[in-house]
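# coordinates for the following, if possible.
(one chain, ligands or ions: 1)
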Amino acid sequence: MKICRFDDNRLGLVDGDKILDVTSALDALPAYRYPLPRTDQLIENLDMLKPRILEAAKSAKCVPVSSVTLLPPVANPGKVVAAPVNYKAHLEESRADVEINHNRQVIEIQTIGMFLKATSSIVGASEGVKVSLPERRNDHEIELVAIIGKKARNVSKEDALNYVAGYCTGLDMTIRGPEERSLRKSLDTFTVLGPWFVTADEFGEPSGQQMVLTVNDEPRQNANTRDLILSVRDLISWGSTFYTFQPGDILMTGTPEGVNRVVAGDTIKATIDKIGTMSVKVR
Ligand code: MN
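The predicted structure is shown next:
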């Protein structure tokens, strides 16, 4: 299943270039009072909701994908975990380009580990990326994103993919410069998720996925997730030795080579075959 959130917090089942409005399935979610759980309720209850989504789809109103505002497919992630320099060719380009490394040693992921992005930076495809510091270099980074489905603590590599609810495309937008990654990658709108998520059962194996990113239809990034230094399995297993992954947590798996700047007016198109194309305007 391809599941999206759109317009006024509606829930959609994506079918080709159409969206079936299955918002009524959300009526099955438990009611909450303050304080709210630090998990995403759609993702945490996805197994319970799936048959209700399919049932609601039978009599659902249908709208073209092109007519809606696409929201981030996960509304309330507790944390956004991201993998730095997780492709060898991107490690090499980062070491070679002073505009990327700012005269700092680019340390390998096996040593430096992962970092966190602010959840306030998350937007859906339709909101677009806002360049609020135009004097700095603002870069695109296409990434395969795994959405954690179940509480995961000290999980083995063999078992790790059983903790994934689904996958979507991510843009880990980045300002180059001397500051910590968590600051440079946490500006408002700098975590674009979408255009929807594909459930793990439909998506299958996360390795071997081709990713293509264009800016104004000009090719910039084109790589395959089989070249990840640490695989999705490795990242979940290793990360879960430090912290507990919760349902709805976002895992950005790292960008391949070809990162480069965008400016206001550009259109980014990010494609992962099994997900589709996410078109994002820069403003
Ligand atoms: Mn990244």
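# show me where this structure has its helices.
41-44, 46-57, 88-96, 98-101, 109-112, 181-184, 200-203, 232-239 (DSSP state H).
# and the residue nearest to the spatial centre of the chain, what is it in contact with?
Ranked by distance to the mean C-alpha position of the chain (C-alpha atoms, centre = their mean), the top residue is residue 170 at 3.4 Å. Residue 170 is in contact with 142-145, 191-193, 250, 252, counting by C-beta atoms under 8 Å, 6 or more residues apart in numbering. Placement of C-beta: from N, CA and C, glycine included.
# touching, residue 64 and residue 18? I think so.
Yes: with contacts counted by C-beta atoms under 8 Å, residue 64 reaches residue 18, the gap being 6.0 Å.
# need the contact list for the residue of the stretch 151-283 of the chain found nearest the ion.
Proximity of the stretch 151-283 of the chain to the ion (C-beta to the ion) peaks at residue 172, 3.4 Å away. Residue 172 makes contact with 82, 117, 141, 143, 185, 190-191, 252, 255, according to C-beta under 8 Å, 6+ apart.
# quick check: bridge partners of it?
residue 191 (DSSP bridges).
# would you mind measuring from the nearest residue to residue 257 once chain neighbours are set aside to the ion?
Closest residue in space to residue 257, ignoring its immediate chain neighbours: residue 89 at 3.8 Å, by C-beta to C-beta, 6 or more residues apart in numbering. Using C-beta to the ion, to the nearest Å, residue 89 is found at 14 Å from the ion.
# give me the pLDDT value at residue 89.
Note on residue 89: pLDDT of 91.
# likewise residue 74?
98.
# picking that back up, let me have the helices of the chain in CSV, extended by distance to residue 22 and mean neighbour count.
Below are those laid out as CSV (distance: least, C-beta to C-beta, whole Å; neighbours: other C-beta atoms under 10 Å):
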stretch, distance to residue 22, mean neighbour count
helix 41-44, 11, 22
helix 46-57, 4, 16
helix 88-96, 38, 16
helix 98-101, 43, 14
helix 109-112, 38, 13
helix 181-184, 36, 16
helix 200-203, 16, 16
helix 232-239, 28, 22
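# residue 273: which of the ones you listed is closest?
helix 200-203 (10.4 Å; C-beta to C-beta).
# run the chain-centre distance for that closest one.
16 Å (C-alpha atoms, centre = their mean, to the nearest Å).
# residues contacting the residue lying closest to residue 215 once chain neighbours are set aside?
Once flanking residues are discounted, residue 215 sits nearest to residue 266: 5.3 Å by C-beta to C-beta, 6+ apart. Residue 266 makes contact with 215-216, 281-282 under the criterion C-beta under 8 Å, 6+ apart.
# would you list the residues you listed in TSV and tack on distance to the ion?
Formatted as TSV, the contacts of residue 266 follow (distance: C-beta to the ion, whole Å):
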residue	distance to the ion
215	16
216	21
281	20
282	17
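# of those residues - the most surrounded one?
residue 282 (20 neighbours; other C-beta atoms under 10 Å).
# for the closest residue in space to it that isn't next to it in sequence, give its distance to residue 222.
Spatial nearest neighbour of residue 282, chain neighbours left out: residue 266 (4.3 Å); criterion: C-beta to C-beta, 6+ apart. To residue 222, residue 266 is 18 Å away according to C-beta to C-beta, to the nearest Å.
# among the contacts of residue 266, which ones are in strands?
Among the contacts of residue 266, the residues falling in strands (DSSP state E) are 215, 281.
# let's have the contacts of residue 266 in CSV, adding pLDDT and distance to residue 237.
Putting these into CSV (pLDDT from 0 to 100; distance: C-beta to C-beta, whole Å) gives the following:
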residue, pLDDT, distance to residue 237
215, 98, 34
216, 98, 39
281, 98, 37
282, 98, 35
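# save the contacts of residue 266 as a markdown table, and put in distance to residue 56 too.
Below are the contacts of residue 266 laid out as a markdown table (distance: C-beta to C-beta, whole Å):
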| residue | distance to residue 56 |
| --- | --- |
| 215 | 38 |
| 216 | 38 |
| 281 | 31 |
| 282 | 35 |
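# tell me the one among the contacts of residue 266 nearest to residue 68.
Using C-beta to C-beta, the contacts of residue 266 come closest to residue 68 at residue 281, 15.3 Å.
# quick one: residues contacting that closest one.
Applying C-beta under 8 Å, 6+ apart, the residues near residue 281 are 128-129, 266-268.
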